[in-house]
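> give me the fold of what follows.
(2 chains)
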Amino acid sequence: MQPSALRVGLRALLTTFRAVVLFLGLPLAYAADPDSGSIQVLLSADGTIHRELLASLRESLAALAGPDAPELSVTTLPEESSESPPTIKSNGAKLLVAVGTRATELALTRQQSIPVLAVMIPRSAYLELEGTTERIGGEPKSSAIVIDQPVLRQLALTRAVLPRALRLGVLLGPRSAPLEADLRQAAGDLGLELSIVPVSTKEVPARAFRKLTTGSDAVLAVYDPVILNPSTAKWMLYAAYQSRLPLIGFSQSYLDAGATAAVFSTPADLGRQAAEEVLRHLADPDSDPSTPIAPRYYRVGFNAPVARSLGVRLPDADEVVARIADLEGKSPR
Amino acid sequence: MLLVTLLLGYQLVTSRLEDSRKALEERGTLIARQLALAGEYALFTRNRTQLKGVLDAVLGDPQLRWAALIDDKERPVSWSGPVSPSELENVLAYSGRARGNEILYSSAVISLATPVDDFAAKPPTGADQLLGWAVVCLSLEPTLARESAIFLNSLFLILLGVVVSVPLALAIRRGIARPILNLTRIMGRVHQGDLSARADTRSTAELRHLEDGFNQMVESLETAQRGLHGEIEAATRQLRSTVAELEVKNRELDIAHEQALAAGREKSDFLARMSHEIRTPLNAIVGFARLLQERPESGDIDEFTRTIQRAASHLLFVIDGILDFTRIEAGCVEIESAVFNPRSCMEDVVSMLVPAVQDKPVELVLLIHNDVPAQLVGDSSRVTQVLMNLVSNAIKFTEQGHVLIEAEWQRPTSGRGRLRVTVEDTGIGIAPEDQRRLFQAFSQMDSTITRRYGGAGLGLAISKRLAVRMGGDILVESTKLKGSRFLFSFPSEPKVGQQPGEAEVLLQGQRVLLYERHPLSRRALRSVLTGWGMQVFQTGRSSQAHSWLERAADTPRTFDVVVLGLARDEQIDPSLGELLGPIQSRFAGPVLILVGTQLWQPPSLTGGQRLNWATKPFRRAQILRSLLDLLDLQEPVRPSPPTERKTEGPNARTFTGMRVLIVEDNELNRLLLHRLLNGLEMHVEEAADGESAVKAATAGNYELILMDLHMPGMGGADAARLIRGLLGNACPPILALTADVFAGESGDIDLGTFDDHLLKPVSSQSLEAAIRRHATSPARTTAPRQSGSVPILDLPPDMDQRLRAEFQRLRRNIEQAASAGDGIGLLDSVHQLRGLMGLYCDLPELSDAAAELEKAIRRPRGGPVHEQIQRLLEHLGDLPA
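Numbers count the residues shown, from 1 in each chain, chains lettered A, B, ... in the order given. The predicted structure is shown next:
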């Protein structure tokens, strides 16, 4: 037998074995924990943010419920999902907390018996999954704590950073287009004029960036993976910087990449919020969760060097948060 | 060096060209990368204006021909410079490659991913986006120009290097390599031992120091080696010289050793002889003294005391001799200075020695020249001693011929005169090698010379030392077998004012006819006679003497006196008659006859002619007196006239009845001797060997014993000693008989044992003379008789027969002894034979053969004697049986 043929043969055998294990393993795994707790947690991956969120969830549950805190049955999805998606059994669980888009997709599409609380998922993704679920005809007993910050918070931050700004450039792609109304509402509340640049999927955003900066006092980056992704994000920053305009971001990563300021929630913030939602669901399982839930806990951040180079005086972060809370009509956290 | 230069040059050119290319490449890459970075945004945005601006900005580089940005599909987006879009198609394929005189470099325009979502499922890996390519085209011309410049520069440098390195290499070769090679070559030569090799010192600096140092080192080596060679040679020379010296010393030591041995031997012999010489008389003295003590009443007291006196005198004489020598050696001998008469001195010596030549045909001549002073100042006794020694030696060594004692006065022009006495003989002579040690003490060369001193070997040694002490010397000239001359001379001064005696004056002018056959004697006589002023007519021929007398008879002036010196044969008739007869008839004057023997009976002359006779050698005074007497001249009265012989001559003695013992082993010899002695009317008894001789001698009262030396059993010498020991003073004279001429030297015959010795053949005369000398019996006068009355060879027939039988017996004995290798028996037989030969001497060849054989046998390192035996046997065989 030739060595290459042997290798090919061995690899095929291994692949087959793994498929069999995955296919049989998941139901077995859930079945092996039939009444282990009331809450099932399904993690999309064993990443840092997932572990951070899980830890925050546990802590918050313990802090909030004390000895009555529900037990968490945590499952982490394999890194690469197999060709046949795993099935999820309820096993008496009262809630399935799906952490991440992948876990949410599995939780929503593979079972209908357990209510699902999706955590740490983009709004557009959840809505798309929800719509899919509805089209299947299942009972959507799910809610989600999305990662998208309310546009008010971003606009309030913009106002706080640039008190004299009048015109705000916003690029809206296919995913973010639904936000336009909210944006205009909030802008109006804050006395800002929006210069919205719509971008189609196929359009090269480079030119859109140039349009965005023209006549604006600042640029507002809205979460839309279609138009604002790792490949294009820096050109938006580059265009804003070329025009010496502050860019207000929506994540810690973008802040680090060069945005002047950003409002965002951390995994711990989301875990904490998830704990509260879990306890609320356990307390009142039949309550209809409002869809989707914006992050309750958030924070603002500044990129001081960028701000200095742009000549922007940065406000106090806590003040900003307080103002946002004020604007949202809520007490700050 | 040239190769190194070229290699370095090549390396330089290639590296610089490579550097240039690399620099170009780096530059192009850098520009492309810069363009990629600068054009990233413009390319992303497709902003042509911005793109153009970026490209133009890049084109500011003079070497950049053109620059372009192409998209990710390699389609030209924007370009600047002389390039067409068509040229830009597929342009990346040429990236990094030269195209004509230009080269293209490209760099990808990549947009890096920027993270934007905090909750993204995956990190934005692979999100980097290829936007396009930045391509620049650089002109190669500057590079090529720079490269050619580099090439030219390098070439120049290489050439410069070559130009510099070649002379440098040559200089190094000349200045370093060649001197080092030269030095190496020289080192090789030095290593092979050529130390003369020197390095050339034409180099400079350190090499010069090296060469100089090397040369100095080699020079030091050479000097050291030369010094070493010199030292070795010197040491070798010294060694050789030392070895030579050692050899010489060894030889000297050998010689000294031999001399010491010889001296030791001689001294031992000398001591033995001395012991014997001293003990013999001492023995007599002791013996007779004891006899005197034991028998004081004996009537022989006078005889005993005389014998003791004689022995004591003899002892004294011997001791005197030894003492003399010792004293001379010790320098204690005083040479007296007194006036003495040298003529008398010499005449005394000659007179004393006359008996020694009595039995030999030897003419003893004393020739004193007239210039010899009558009186000299000196030590006469020492002169006499010396002369005595010399003359006695001469006589003893001379069997025939003459012994001349010639004295002359040597008067130098200034200083003292010198008496020179020459003792010349015609004896056996002395070999040159013996002459050298002739005067050495204890020399055994010839003990007969020192017989006078009892064979002590001291005579000549003493004489020589005495002569030297007197300021003179003794020289010897000798030729073996021909004779010797001893020249004794010593300085002296004549007694001044001496005058010729009156008697001598009386003889002046007297005419004398001198007849003497012997020229030396004639010369001596003539000298004396002319010394007295006589007119001498001399001749050696009787006929001339007769003739002169005849002629003179006719003249008025005839001879006053005739002096006849007679030879032996002329002393007896008829020769005497034949000589004297014509003289008597022609001359009536006085005649003086000189004869050689005292036993001469002068003839009775007729006609009243006056005749006187004297013995030769003559004494001057005697001749003078005789002449004065004959010439009737008055002789002045002298207080002490010298001893003279009267005309009647010596008293004749008779031996009738004298008891003689003959000891002889050979019967024939005994017989012959018996007969000879019977002829002298002696009573003869015989003994055949030593023992019987002793018995007979002690039993019989003999007056004389004749003892053969060589006898079987007890030898003659032992027997004689025994007899002397037994008889002591009463011992009769013992005369030794031997055929050996040198027997006297061997010590067998010494005066202590034997009174004298007779050499065979024994003549009646010698026998009679010896007996006469030694006979102790009262003087017996005997009637004058003819000498040689017993003819030796005239044997009776029975005697002849026995003689021949004896010869044959001896011959057989000799043959047997020779075949048996019995040396002693052979010697004995030969000795007996020689004894017979001595008796019967008309067989000279046989006698010679026997003598030869005996000599050969006795030779110390004797070789084969067959020849001699054979010769002897042949001669014996020739004898008729």
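> when you work out contacts or count neighbours from here on, use the C-alpha atoms and nothing else.
OK.
> low pLDDT regions in the stretch 351-500 of chain B?
Applying pLDDT under 70 to the stretch 351-500 of chain B flags residues B:441-457, B:496-500.
> nearest to chain A: which residue in it?
Proximity of the stretch 351-500 of chain B to chain A (C-alpha to the nearest C-alpha) peaks at B:Glu433, 132.5 Å away.
> quick one: buried residues of the strand or helix carrying that residue?
Using DSSP states H and E, B:Glu433 maps to helix B:432-436. Neighbour counts over helix B:432-436 (16 or more other C-alpha atoms under 10 Å in any protein chain shown) mark B:Gln435 as buried.
> and that helix, how far out from the chain middle?
Its chain's average C-alpha position is 14 Å from that of helix B:432-436, according to C-alpha atoms, centre = their mean, to the nearest Å.
> next secondary structure after it?
helix B:459-469.
> show me what the following helix or strand past that next one is packed against.
For helix B:459-469, the succeeding helix or strand toward the C-terminus, using DSSP H and E, is strand B:473-479. Counting by 3 or more C-alpha pairs under 8 Å, 6 or more residues apart in numbering or on different chains; DSSP states H and E, the packing neighbours recorded for strand B:473-479 are helix B:432-436, helix B:459-469, strand B:483-494.
> packing partners of the longest one?
Contacts of strand B:483-494 with other secondary structure elements, assessed using 3+ C-alpha pairs under 8 Å, 6+ apart, are made with strand B:376-378, strand B:417-425, helix B:459-469, strand B:473-479.
> ok, now with 10 Å
strand B:338-340, strand B:376-378, helix B:380-397, strand B:401-410, strand B:417-425, helix B:459-469, strand B:473-479 (3 or more C-alpha pairs under 10 Å, 6 or more residues apart in numbering or on different chains; DSSP states H and E).
> give the pairing partners of that strand; include direction for each.
strand B:376-378 (antiparallel), strand B:417-425 (antiparallel), strand B:473-479 (antiparallel) (DSSP bridges).
> in a markdown table: those strands, plus mean neighbour count and distance to B:Asn90.
Converted to a markdown table, the strands paired with strand B:483-494 look like this (neighbours: other C-alpha atoms under 10 Å in any protein chain shown; distance: least, C-alpha to C-alpha, whole Å):
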| stretch | mean neighbour count | distance to B:Asn90 |
| --- | --- | --- |
| strand B:376-378 | 20 | 167 |
| strand B:417-425 | 23 | 162 |
| strand B:473-479 | 18 | 152 |
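> out of those, which is closest to B:Tyr702?
B:Tyr702 lies closest to strand B:417-425 among these, at 38.9 Å (C-alpha to C-alpha).
> how about the residues of the stretch 1-150 of chain A near chain B?
Within the stretch 1-150 of chain A, the positions adjacent to chain B are A:Ser44, A:Ala45, A:Gly47, A:Ile49, A:His50, A:Gly100, A:Thr101, A:Arg102, A:Met120, A:Ile121, A:Pro122, A:Ile147 by C-alpha under 10 Å from any C-alpha of the partner chain.
> pLDDT score assigned to the second one?
Put plainly, it is A:Ala45. Looking at A:Ala45, its pLDDT reads 87.
> who touches B:Pro82 in this structure?
By C-alpha atoms under 10 Å, 6 or more residues apart in numbering or on different chains, B:Pro82 lies in contact with B:Arg65, B:Trp66, B:Ala67, B:Cys137.
> B:Ser106 is in contact with the second one, correct?
In other words, B:Trp66. No - here B:Trp66 lies out of contact with B:Ser106, judged by C-alpha atoms under 10 Å, at a distance of 11.9 Å.
> overlap in contacts, those two.
Here B:Trp66 and B:Ser106 have B:Val135, B:Val136, B:Cys137 as joint contacts, going by C-alpha under 10 Å, 6+ apart.
> which of those fall within strands?
B:Val135, B:Val136, B:Cys137 (DSSP state E).
> out of those residues, which is nearest to B:Leu353?
Ranked by distance to B:Leu353 (C-alpha to C-alpha), those are led by B:Cys137 at 165.7 Å.
> so where's the stretch 151-300 of chain A shaky on pLDDT?
Residues of the stretch 151-300 of chain A meeting the criterion pLDDT under 70: A:201-205, A:288-290.
> close to chain B: what parts of it are there?
Proximity of the stretch 151-300 of chain A to chain B (C-alpha under 10 Å from any C-alpha) is limited to residues A:204-210, A:223-225, A:228-235, A:237-239, A:249-259, A:264-267.
> which of those fall in helices?
Among those, DSSP state H puts A:205-210, A:233-235, A:237-239, A:252-257, A:267 in helices.
> now those: which count as buried?
By neighbour count, with 16+ other C-alpha under 10 Å, these hold A:205-206, A:208-210, A:233-235, A:237-239, A:252-257, A:267 as buried.
> nearest spatial neighbour of whatever residue of the stretch 101-250 of chain A ends up closest to chain B, skipping sequence neighbours?
The minimum distance from the stretch 101-250 of chain A to chain B, using C-alpha to the nearest C-alpha, falls at A:Pro230 (4.4 Å). Closest residue to A:Pro230 apart from its sequence neighbours, by C-alpha to C-alpha, 6 or more residues apart in numbering or on different chains: B:Thr114 at 4.4 Å.
> what's the helix or strand for the one you found?
Here B:Thr114 sits in a region with no helix or strand, counting by DSSP H and E.
> what's the burial count for it?
Burial of B:Thr114 is recorded as 23 neighbouring residues (other C-alpha atoms under 10 Å in any protein chain shown).
> need phi/psi at it.
phi -120, psi 120 (degrees, to the nearest 10).
> in the stretch 1-150 of chain A, where is pLDDT below threshold?
For the stretch 1-150 of chain A (pLDDT under 70), the answer is A:1-37, A:80-91, A:133-140.
> do that again at 50, thanks
Along the stretch 1-150 of chain A, the parts satisfying pLDDT under 50 run over A:1-4, A:8, A:17, A:19-36.
> now do the strands in the stretch 51-200 of chain A.
According to DSSP state E, counting those that start in this stretch, the stretch 51-200 of chain A carries its strands in the segments A:72-76, A:95-99, A:116-121, A:142-146, A:167-172, A:193-198.
> and the third one, what does it pack onto?
With contacts taken as 3+ C-alpha pairs under 10 Å, 6+ apart, strand A:116-121 sits against strand A:39-43, helix A:48-65, strand A:95-99, helix A:101-110, helix A:123-136, strand A:142-146, helix A:267-283.
> quick check: which of the ones you listed is buried the most?
When these are scored by mean count of other C-alpha atoms under 10 Å in any protein chain shown, the highest mean neighbour count falls to strand A:95-99 (a mean of 28).
> neighbouring strands of that one in the sheet, and parallel or not?
The strands that strand A:95-99 pairs with in its sheet are strand A:39-43 (parallel), strand A:116-121 (parallel) (by DSSP bridges).
> among the ones you listed, which comes closest to B:Arg812?
Short answer: strand A:39-43, nearest of the strands paired with strand A:95-99 by C-alpha to C-alpha, at 172.0 Å.
> how far off helix A:48-65 does the closest one point, in degrees?
Relative orientation of strand A:39-43 versus helix A:48-65 (axes from the mean of the first three to the mean of the last three C-alpha atoms, to 10 degrees): 160 degrees.
> how far off centre is strand A:39-43?
17 Å.
> picking up where we left off before, B:Trp66 and B:Ser106: which has the busier surroundings?
Between B:Trp66 and B:Ser106, counted using other C-alpha under 10 Å, B:Ser106 has the larger neighbour count: 27 against 22.
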